[in-house]
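Engineer: I would like the atomic coordinates for the input below:
(one chain, ligands or ions: 1)
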Amino acid sequence: MIERDLEDLPTLVSLCKRRGFIFQSSEIYGGLNSCWDYGPLGAQFKFNVKMSWWKEMTRRQDIVGLDAAILMHPTVWKASGHVDGFSDPLVDCTDCKTRFREDHGGQSKDGKLACPNCKSTNLTEPRNFNLMFETYMGPVKDDAGIVYLRPETAQGIFVNFLNVQTSMRKKLPFGIAQIGKSFRNEITPGNFTFRTREFEQMEMQFFVKPGMDDEWFENWKKTRMSYYDRIGLRQEKLRFHPHGEGELAHYAKAAFDVEYNFPIGWQELEGIHNRTDFDLSQHQEFSGKKLEYFDEAAKEKFLPYVIETAVGCDRLCLAVLCDSYREEVRQLENGKEDTRVVLRFKPEFAPIKAAVLPLSKKPQLQELSAKVRDSLIDQWDVEYDEAGSIGKRYRRQDEVGTPLCITVDFDSLEDNAVTVRHRDTMEQDRVNLDQLRGYVAEKLAQF
Ligand code: ATP
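Structural biologist: Next comes the predicted model:
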């Protein structure tokens, strides 16, 4: 058997569409550039990814959760630097009309900036283009009503720092975790769900005493890498990329990206940043409200430093899909090749944990299969499927990453047992129905 990894994104895009994971947004209208909808299996899968991150964060004693509004007071974005600084310089080519990011342009022979499309140097001056989406609050569309769709979830955490700290009686160091939609009017979105204009972020801001920040920064780097290891991403596909001086964001003292080797190459999956007290001090200044933490033991007040871990939920979903995709190619006896496509993710991510498959559509088998399904559904996402040949049904479940297939056959009516097939080894066990729940729990834990 030869095993192949995912070679390119279009292969995954096609699987995701065919199997109900991800569809192009507004497809019947020709789609909307870089917007994607999660289908039935994708929605469950994405939910599982979020739950994995949420549990990882909020089950710690030193982290609590938050769900802040997308729309915030517009001054938040002045304080955070997004109104003035969150922009890319754009250039238009006056010959072929291509619009491109200044740093994506080419060079002409005389060293001038050139159009990456037609190489012309007849270009407009660079103009800053703010990446924030604007909308209006209330019935009148004037400047006084402008609000922004948040470009990051972090600011909802900063402005709530004292609310959370006092209501939850938290002492430093502690963190606030949040999952939510963010919006950026990206100039060059693309590569499927890798870069979109509407996306979900999973961000955690960890507040520490100044002076403890370097230690916590290192600590979070280790913790996040070991998380990725534990959820099954292959270690050789992960690495750290430190930000050099020129790359550091305006708020950061230090920053490392966790990069994943996608089919499009090494790309950022998560950012880990030492944001210092930049955000809290900006909000303190712009709001006129003190945001200092009172350290009772030392009887001193100060603004905490912040270590941020920020991962895109859609990007992590994409990484998990890419990482778990395998093509298994087998030589058949008749000389032909057979290819089995399988998503080998951990059961915690699988949208369907077990599929119950009656061998045929005979009413007795349907009835017993329904009973089997009902006996598991309170604890696991179980699908019942009777359409098509058993071989095709197995292949469909492999392609959507279902760890276990439970087949109900004619013997089941006699021996009160079913055949359970394992996704990765394709081995089969005969299991008595009285023992099925225990068996499923045990097998799912072994993947
Ligand atoms: P990039 O350099 O790729 O534009 P960034 O460094 O601006 O990203 P952050 O602001 O650190 O990204 O956001 C944290 C995480 O949010 C990123 O690591 C990424 O996983 C995710 N993310 C950011 N922008 C997008 C986007 N347009 N589409 C999907 N996910 C995104």
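Engineer: ok, which residues in the stretch 51-200 of the chain are in contact with the ligand?
Structural biologist: Applying Cβ under 6 Å from any ligand atom, we find that the stretch 51-200 of the chain lies next to the ligand at Glu152, Arg184, Glu186, Arg195, Thr196, Phe199. (Glycine included, C-beta is placed from N, CA and C.)
Engineer: Would you confirm that the first one belongs to a strand?
Structural biologist: By that I understand Glu152. No. The assignment for Glu152 is coil, going by DSSP: H, G, I helix; E, B strand; the rest coil, so no strand is present there.
Engineer: what about the protein, any weak spots by pLDDT?
Structural biologist: Within the chain, not a single segment meets pLDDT under 70.
Engineer: give me the residue from it nearest the ligand.
Structural biologist: As assessed by Cβ to the nearest ligand atom, the ligand sits closest to Gly312 within the chain, at 2.7 Å.
Engineer: Just the CA atoms from stretch 129-141 would do, formatted as CSV, please.
Structural biologist: What follows is stretch 129-141, C-alpha atoms only, in CSV (Å, rounded to 0.1, in the frame of the first residue of the first chain):
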residue,chain,number,x,y,z
PHE,A,129,-6.5,51.4,2.4
ASN,A,130,-8.0,50.6,5.8
LEU,A,131,-8.8,47.0,6.3
MET,A,132,-11.7,47.6,8.7
PHE,A,133,-15.3,47.1,7.4
GLU,A,134,-17.4,50.1,8.2
THR,A,135,-21.1,50.2,8.7
TYR,A,136,-23.6,52.7,10.2
MET,A,137,-25.5,52.5,13.4
GLY,A,138,-29.0,53.9,13.4
PRO,A,139,-31.1,55.2,10.5
VAL,A,140,-28.9,58.1,9.3
LYS,A,141,-25.8,57.3,7.2
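Engineer: Flag every buried residue along it.
Structural biologist: For stretch 129-141, a neighbour-count test (16 or more other Cβ atoms under 10 Å) marks Asn130, Leu131, Met132, Phe133 as buried.
Engineer: For the stretch 251-400 of the chain, list the residues in contact with the ligand, please.
Structural biologist: Glu268, Leu269, Glu270, Gly271, Ala310, Val311, Gly312, Asp314, Arg315.
Engineer: So which of the residues you listed are in strands?
Structural biologist: Residues of those located in strands (DSSP state E): Glu268, Leu269, Glu270, Gly271, Ala310, Val311, Gly312.
Engineer: Which residue is the nearest non-sequential neighbour of the residue nearest to the spatial centre of the chain?
Structural biologist: Centroid-nearest residue in the chain: Cys313, 2.0 Å away (criterion: Cα atoms, centre = their mean). Setting aside the residues directly before and after it, Cys313 is nearest to Glu200 in space (Cβ to Cβ, 6 or more residues apart in numbering), at 3.9 Å.
Engineer: which residues does the one you found bridge with?
Structural biologist: Lys181 (DSSP bridges).
Engineer: Against Gln366, how distant is it?
Structural biologist: Distance of Glu200 to Gln366, computed by Cβ to Cβ, to the nearest Å: 39 Å.
Engineer: Those two: who's more crowded?
Structural biologist: Neighbour tally, Glu200 and Gln366, criterion other Cβ atoms under 10 Å: the higher count belongs to Glu200, 20 against 15.
Engineer: which residue ranges form the helices in this structure?
Structural biologist: With DSSP state H as the criterion, the chain has helices at 9-18, 40-58, 75-79, 82-85, 154-159, 161-167, 213-230, 278-287, 313-324, 363-376, 390-399, 410-415, 436-446.
Engineer: Turn those into TSV, columns for distance to Glu259.
Structural biologist: Shown next, in TSV, are the helices of the chain (distance: least, Cβ to Cβ, whole Å):
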stretch	distance to Glu259
helix 9-18	17
helix 40-58	18
helix 75-79	28
helix 82-85	24
helix 154-159	21
helix 161-167	30
helix 213-230	11
helix 278-287	24
helix 313-324	10
helix 363-376	39
helix 390-399	28
helix 410-415	49
helix 436-446	30
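Engineer: And these: which comes nearest Cys96?
Structural biologist: Closest approach to Cys96 among the helices of the chain is made by helix 9-18 (26.7 Å; Cβ to Cβ).
Engineer: Can you report how many residues neighbour Arg275?
Structural biologist: Residues near Arg275, counting by other Cβ under 10 Å: 22.
Engineer: quick one: contacts for the residue nearest to Asp434 when sequence neighbours are not counted?
Structural biologist: The shortest distance from Asp434 to any non-neighbouring residue, by Cβ to Cβ, 6+ apart, is to Asn416 (7.4 Å). Neighbouring residues of Asn416 by Cβ atoms under 8 Å, 6 or more residues apart in numbering: Asn432, Leu433, Asp434.
Engineer: beta partners for the nearest residue to Ile63 once chain neighbours are set aside?
Structural biologist: Excluding the flanking residues, the one nearest Ile63 by Cβ to Cβ, 6+ apart is Gly175, at 4.1 Å. Counting by DSSP bridges, Gly175 is bridged to Ile63, Phe206.
Engineer: what about Gly175, how many residues close to it?
Structural biologist: Counted with other Cβ under 10 Å, residues neighbouring Gly175 total 25.
Engineer: Spit out the contact partners of it.
Structural biologist: Neighbours of Gly175 in contact, by Cβ under 8 Å, 6+ apart: Met57, Arg60, Asp62, Ile63, Val64, Met204, Gln205, Phe206, Phe207.
Engineer: Any of the residues you listed buried? List them.
Structural biologist: Met57, Ile63, Val64, Met204, Gln205, Phe206, Phe207.
Engineer: Lys361: which of those is nearest?
Structural biologist: For the buried ones among the contacts of Gly175, the nearest to Lys361 is Met57 (45.8 Å; Cβ to Cβ).
Engineer: show me the contacts for the closest one.
Structural biologist: Per Cβ under 8 Å, 6+ apart, neighbours of Met57: Ile63, Gly65, Gly175, Ala177, Met204.
Engineer: quick one: it and Asn160, what's the gap?
Structural biologist: Counting by Cβ to Cβ - Met57 and Asn160 are separated by 16 Å.
Engineer: Same question for Glu442.
Structural biologist: 42 Å.
Engineer: Equivalent analysis for Gly20, please.
Structural biologist: Using Cβ to Cβ, Gly20 is found at 37 Å from Asn160.
Engineer: hang on, Val342 packs against Arg326?
Structural biologist: Yes. Proximity of Val342 to Arg326 meets the contact threshold set by Cβ atoms under 8 Å, at 5.3 Å.
Engineer: Comparing these two, which residue is more hemmed in?
Structural biologist: Per other Cβ under 10 Å, whichever of Val342 and Arg326 has more neighbours is Val342, with 21 against 16.
Engineer: ok, back up a step: so for Asp257, which of the helices of the chain sits nearest?
Structural biologist: Per Cβ to Cβ, nearest to Asp257 of the helices of the chain: helix 213-230, 10.6 Å.
Engineer: So for that closest one, what gets flagged as buried?
Structural biologist: By 16+ other Cβ under 10 Å, the buried positions in helix 213-230 come out as Asp213, Trp216, Phe217, Trp220, Lys221, Arg224, Met225, Tyr227, Tyr228.
Engineer: No more questions from me, cheers.
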